[in-house]
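Novice: Got a sequence here, can you build the structure:
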Amino acid sequence: MTHAPRLPLIAGLPIAVAAGLAIPVQGRINGALGARLDDGIAAAVVSFTTGLIVMVLVSLVLPRGRRGLAQILPALRERRFPPIYVMAGGIGAFFVFAQSFTVGLLGVALFTVATVTGQTLSGLLVDRLGIGPAGKKSVTAIRVIGTVLTIAAVAWAVSPRFGGAGGSGAGSGGGTDPAQLLLPVLLPVIAGFLMSFQQAMNGTATVHYGTPIAATLVNFISGATVLWLAWLIKLAVAGPGNGLPAEWWYYLGGPMGCAFIGLGALLVRSLGVLVTGLGMIAGQLLGSLGLDLAFPAPGTVVALPTILGTVLTLGAIVLATLPWPRGALKRQPGR
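Specialist: Below is the predicted model of the structure:
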């Protein structure tokens with residue numbers, strides 16, 4: 001099987017940052033849709049279903065998509081990779097669940113720190129275990145320092161929102177008991193932790209399908225299946241929410257997810273899971289800052305720590321991704 005050449009870091013990292021730019025836009029759209037429908041699960045179903053429709057069309061129209069489509073069943077029958085990898089989309093569904101059920105309580109700021117913490121830590125683990133298509137990558141001191149600095153920088157960047165971005169709980173001045181926030185905080189940490197595994201699984205599937213189009217399609221099939229089942233259960237228990245809106249822009253979240261998942265599946269083979277994740281985190285912060293400046297939402301706070309924390313995040317990612325020589329932190333003889 002012929003595989004596409006690996007992207008060099010200087011080309012792949014900017015693509016990862018660009019992919020990350022779509023995350024806050026997608027979150028803003030899906031959040032608005034959830035509020036309009038008065039049903040966070042229904043909003044997630046709409047997002048995944050529109051993304052699935054886009055991926056079906058892309059897979060049927062593009063020649064490369066059709067070739068990838070023809071490889072899905074043979075790859076599964078021949079067990080070219082663990083069959084559980086087809087459920088990578090379920091991780092995306094779980095992330096949406098965590099977003100739907102905890103952002104209102106924790107606020108966007110704390111949710112972001114929790115997911116970034118989980119994602120960066122698992123990025124180190126996934127690279128060390130060699131789960132992704134890039135193989136094993138050693139956990140060097142530089143990479144650990146870059147990871148820790150990234151978490152600290154993201155926390156600093158979103159710190160101005162801690163006082164007022166929350167929902168009915170944290171950050172709203174309601175005096176919520178910190179112990180009551182333990183489980184809501186753990187949920188996005190776990191969701192972020194699993195995201196690195198999702199990228200590794202999709203990246204490995206991409207190698208065997210021959211294109212990220214097929215991996216993204218399978219991702220949306222499994223994620224949409226999980227969310228439809230969850231929504232049908234919710235419908236039986238609590239009934240429907242509001243009707244679908246007529247405005248076209250409410251339905252852009254799914255196509256944005258296609259781009260994000262597809263690029264992630266493509267990049268992990270070249271950059272590894274940790275570097276891909278760090279690049280997308282940088283794009284997420286830059287996109288959030290741009291949205292807050294251009295289209296501020298209620299409760300938006302853009303202060304000096306927001307800008308400096310974003311800059312520090314970019315610096316931490318550069319530190320973690322540069323090809324440092326082995327022993328770069330060790331004391332050199334005669335010095």
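Novice: Check what pLDDT residue 248 gets.
Specialist: Model confidence at residue 248, given as pLDDT, is 94.
Novice: what does residue 160 give?
Specialist: The model reports residue 160 with a pLDDT of 73.
Novice: neighbours around it, how many?
Specialist: Per other CB atoms under 10 Å, the neighbour tally for residue 160 reads 18. For the C-beta atoms, the positions are set from N, CA and C on the backbone; glycine is no exception.
Novice: Assign the nearest residue to residue 127 once chain neighbours are set aside to helix, strand or coil.
Specialist: Spatially, and ignoring its direct neighbours in sequence, residue 127 is nearest to residue 137 (4.0 Å; CB to CB, 6 or more residues apart in numbering). Following DSSP: H, G, I helix; E, B strand; the rest coil, residue 137 is assigned to coil.
Novice: Spit out the contact partners of residue 137.
Specialist: Going by CB atoms under 8 Å, 6 or more residues apart in numbering, residue 137 touches 127-128, 130, 272, 274.
Novice: Buried subset of those residues, written for PyMOL?
Specialist: With 16 or more other CB atoms under 10 Å as the criterion, this PyMOL line picks the buried residues out of the contacts of residue 137:
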select buried, resi 127+272+274
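Novice: Could you identify the most distant pair in the contacts of residue 137?
Specialist: 130 and 274 (12.3 Å; CB to CB).
Novice: hey, where'd the helices end up in the stretch 151-300 of the chain?
Specialist: All helices of the stretch 151-300 of the chain, identified by DSSP state H, counting those that start in this stretch, fall at 182-209, 212-238, 253-271, 273-294.
Novice: mind listing what's buried in the longest one?
Specialist: In terms of neighbour count (16+ other CB under 10 Å), helix 182-209 has its buried residues at 184-185, 187-209.
Novice: circling back: tabulate the contacts of residue 137 (TSV), appending distance to residue 52.
Specialist: Formatted as TSV, the contacts of residue 137 follow (distance: CB to CB, whole Å):
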residue	distance to residue 52
127	30
128	33
130	30
272	28
274	29
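Novice: And the contacts of residue 137, which is closest to residue 43?
Specialist: Nearest to residue 43 among the contacts of residue 137, with distances taken as CB to CB, is residue 274, at 30.4 Å.
Novice: Now do the closest residue to the closest one other than its chain neighbours against residue 46, distance only.
Specialist: Closest residue to residue 274 apart from its sequence neighbours, by CB to CB, 6+ apart: residue 123 at 3.5 Å. Taking CB to CB, to the nearest Å as the measure, residue 123 falls 30 Å from residue 46.
Novice: Which one's more surrounded, those two?
Specialist: Remark: of residue 123 and residue 46, residue 123 carries more neighbours, 32 against 23, as counted by other CB under 10 Å.
Novice: For burial, what's the neighbour tally of the closest residue to residue 8 other than its chain neighbours?
Specialist: Spatial nearest neighbour of residue 8, chain neighbours left out: residue 270 (7.6 Å); criterion: CB to CB, 6+ apart. By other CB under 10 Å, the residues close to residue 270 number 22.
Novice: do the one 3 residues further on as well
Specialist: Here the number of neighbours of residue 273 (other CB under 10 Å) works out to 32.
Novice: May I ask which helix or strand encompasses residue 20?
Specialist: helix 9-37 (DSSP states H and E).
Novice: which strands and helices sit next to that helix?
Specialist: Applying 3 or more CB pairs under 8 Å, 6 or more residues apart in numbering; DSSP states H and E, we find helix 9-37 packed against helix 40-61, helix 88-129, helix 253-271, helix 273-294, helix 304-321.
Novice: any idea of the angle it forms with helix 88-129?
Specialist: 150 degrees (axes from the mean of the first three to the mean of the last three CA atoms, to 10 degrees).
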